[in-house]
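# Here you go, sequence then predicted model.
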Amino acid sequence: MLGQQRIDLLQRVPRLKPMLKSRLFPPALMLVTLFVFMLAILSGLFGTPAGSRNFGIIFVWIVWWALLIILLVPFFGRAWCTICPIPAPGEWLQRRAIVNRTSGRLRTLRWRWPRRLKNLWLQNFGFLGVAIFSALILTRPNISAWLLLTLMIMGVALSLLYENRVFCRYVCPVGGFIGLYSLVAPVELRVSDPQICASHKTKDCITGNEQGYGCPWMVFPGKLARNNYCGLCLECLKTCPKNNIVINLRPFGSDLLVAKERRLDEAYKAFIMLGCALLYAGVLLGPWGWIKQWANMDTLPHWALYAAGFLVINLVVLPGLFWVTTAFARRLAGQSISLRHLFVDYAYALIPLGLAAWIAFSFGFVLVNGSYAPGVLSDPLGWGWNLFGTANVPWTPLWPTLIPFLQVGVLIAGLLFAIHIAYRIARQNSSGHRQAYLAMLPLGGFMAAITFMFLRLYAG
Ligand code: SF4
Ligand code: SF4
């Protein structure tokens, strides 16, 4: 059954554990991603303004984005956070080291992060803030570079003020959605036996020891039930003296069924991600040229109208329609649980659908534009270099006739999985199968209608 089988990867692949326990992992990989990240910023600031010839635009918004959405997040959850360069300089400053475990406390001003901000709301609004400027960010290298630089400066500044990875946990707009979709991934870090943690007095995974640091994500592994707030930094694998940390392979979507940790801020993240996917598809693939112009800020009033519509659809219209659907499902099934509770719970069924929509969108993007990558690799700044002899590789869309089939297949698979999850959640809130099936009817209809809109936009 979903959520029950587990395969301990560290036991199955014995060579993995010593590699992951080495203090070189992950800093060695972070240094590589940091180099690429700095090159993306430099090419944005000093390279060609032509997006298709600029390393920053092509490698961040096409290559990295496609890798993240199509491969890393669906299959490895928060694995990107393991090697992400954005928080690296701040974390290294806190530790006064890149690889070694330094003694003493982290070097910060030790401010306290406000209690009311210990949730996803900043990340929700941060993502929307980036999304309404995305037509500019995705096409103008200098704007893209300033965004990347701002994220890195924020990461460093917050590391100097607060202990640990406050930026990743509460601020980073990318981390918010990676966390949400990591609930679907078939890989998890957990403890092998929670009883061992309960009776372990020193709790080295929190305090740290000479092998490693206390959890930088401020998580207690002994109570981990879902993927979304564990950044897979693997410090706990290094510090745990009881050998109690495991990395499991498990069925897709297991965390979506963890009932006790569902929250309104996460539910809203699911709406925002689904809404943004729908709006991007509409703006970039739909037949309405005027929306494209508004999104590209042809005039300030047009863009303001576009931004207002974007926010209203994400924050009011989509959640509002889902609220009405949930109310109908509750009445049809005769459920006595509060409407707010059901609204939050059922929103988690939208997570696989949103992820499928982003995968479908990204397939189109990367297969059509991926052939720009060899060119910018040889000439990252667009200055006429030819470092690897690939500067003149022509733009050639890959398998253009296959793209709609891929997109339709992914969307249908996402819908079926979302319906399955919705049924499982309905079952958690019902007294029997019949009640759950009745609740499912409006929810399934809602998700099918959204999928139909995507299909119209992707497949024409
Ligand atoms: S150090 Fe290991 S055994 Fe102890 S609380 Fe942490 S994960 Fe559990
Ligand atoms: S639980 Fe372990 S792997 Fe996850 S963020 Fe904390 S220390 Fe890192």
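Looks like it arrived, so ask away. Ligands and ions are numbered 1, 2, ... in the order given.
# Just to check, L411 is in contact with F454?
Yes - L411 sits in contact with F454 when judged by C-beta atoms under 8 Å, with a separation of 5.4 Å. (Glycine included, C-beta is placed from N, CA and C.)
# who touches both of these two?
Shared between the contact lists of L411 and F454 (criterion: C-beta atoms under 8 Å, 6 or more residues apart in numbering) are residues 357, 360.
# Can you name the residues of the stretch 201-350 of the chain sitting close to ligand 2?
For the stretch 201-350 of the chain, the residues in contact with ligand 2 under the definition C-beta under 6 Å from any ligand atom are 215, 217, 219, 221, 230-236.
# Is it possible to get JSON lines of those residues that adds pLDDT and distance to C81?
Shown next, in JSON lines, are these (pLDDT from 0 to 100; distance: C-beta to C-beta, whole Å):
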{"residue": "C215", "pLDDT": "98", "distance to C81": "13"}
{"residue": "W217", "pLDDT": "98", "distance to C81": "9"}
{"residue": "V219", "pLDDT": "97", "distance to C81": "12"}
{"residue": "P221", "pLDDT": "98", "distance to C81": "15"}
{"residue": "C230", "pLDDT": "98", "distance to C81": "9"}
{"residue": "G231", "pLDDT": "98", "distance to C81": "4"}
{"residue": "L232", "pLDDT": "98", "distance to C81": "6"}
{"residue": "C233", "pLDDT": "98", "distance to C81": "7"}
{"residue": "L234", "pLDDT": "98", "distance to C81": "11"}
{"residue": "E235", "pLDDT": "98", "distance to C81": "13"}
{"residue": "C236", "pLDDT": "98", "distance to C81": "14"}
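# So which of these are in helices?
Here DSSP state H is the test, and those give 235-236 as lying in helices.
# for the residues of the stretch 201-350 of the chain next to ligand 2, which one is nearest F46?
Set against F46, the nearest of these by C-beta to C-beta is G231 (31.8 Å).
# For the closest one, which non-adjacent residue is spatially closest?
Leaving out its chain neighbours, the residue that sits closest to G231 by C-beta to C-beta, 6 or more residues apart in numbering is C81, at 4.0 Å.
# again, but for A66
Distances taken as C-beta to C-beta, 6+ apart place V366 nearest to A66, at 3.6 Å, with adjacent residues excluded.
# what helix or strand is that neighbour on?
Assigning secondary structure by DSSP states H and E places V366 in helix 350-369.
# How far does the next helix or strand after that helix sit from its chain's centre?
The first helix or strand that comes after helix 350-369 along the chain, using DSSP H and E, is helix 373-378. Averaged C-alpha coordinates place helix 373-378 at 26 Å from its chain's average position (C-alpha atoms, centre = their mean, to the nearest Å).
# what packs against helix 373-378?
Counting contacts by 3 or more C-beta pairs under 8 Å, 6 or more residues apart in numbering; DSSP states H and E, helix 373-378 packs against helix 55-58.
# Please tell me how far the helix it packs on is from the chain's geometric centre.
The offset between the C-alpha centroid of helix 55-58 and the centroid of the whole chain comes to 20 Å, using C-alpha atoms, centre = their mean.
# C233 and C215, how far apart?
In this structure, C233 and C215 are 8 Å apart, going by C-beta to C-beta, to the nearest Å.
# Which one of the residues of the stretch 201-350 of the chain next to ligand 2 is nearest to ligand 1?
Proximity to ligand 1 was ranked across those by C-beta to the nearest ligand atom; first place goes to P221, at 4.4 Å.
# check contacts around that closest one.
Remark: with contacts taken as C-beta under 8 Å, 6+ apart, P221 is in contact with 189-191, 197, 205, 215, 230, 236, 240, 244-245.
# Between those residues, identify the one with the most neighbours.
C205 (28 neighbours; other C-beta atoms under 10 Å).
# Report the secondary structure element holding that one.
Mapping C205 onto the secondary structure by DSSP H and E places it in helix 204-207.
# Dihedrals phi and psi, L109?
Main-chain torsions, L109, degrees, to the nearest 10: phi -80, psi 0.
# picking up where we left off before, okay, L411 and F454: which has more neighbours?
Under the criterion of other C-beta under 10 Å, the comparison of L411 against F454 puts F454 first, with 26 against 23.
# for the stretch 251-400 of the chain, which spans come out with low pLDDT?
Applying pLDDT under 70 to the predicted model, the stretch 251-400 of the chain contains no residue that meets it.
# Provide a list of residues in contact with the residue of it found nearest ligand 2.
Using C-beta to the nearest ligand atom, the single residue of the stretch 251-400 of the chain nearest to ligand 2 is D255, 13.9 Å away. Contact analysis of D255 by C-beta under 8 Å, 6+ apart lists 182-184, 188, 225-228.
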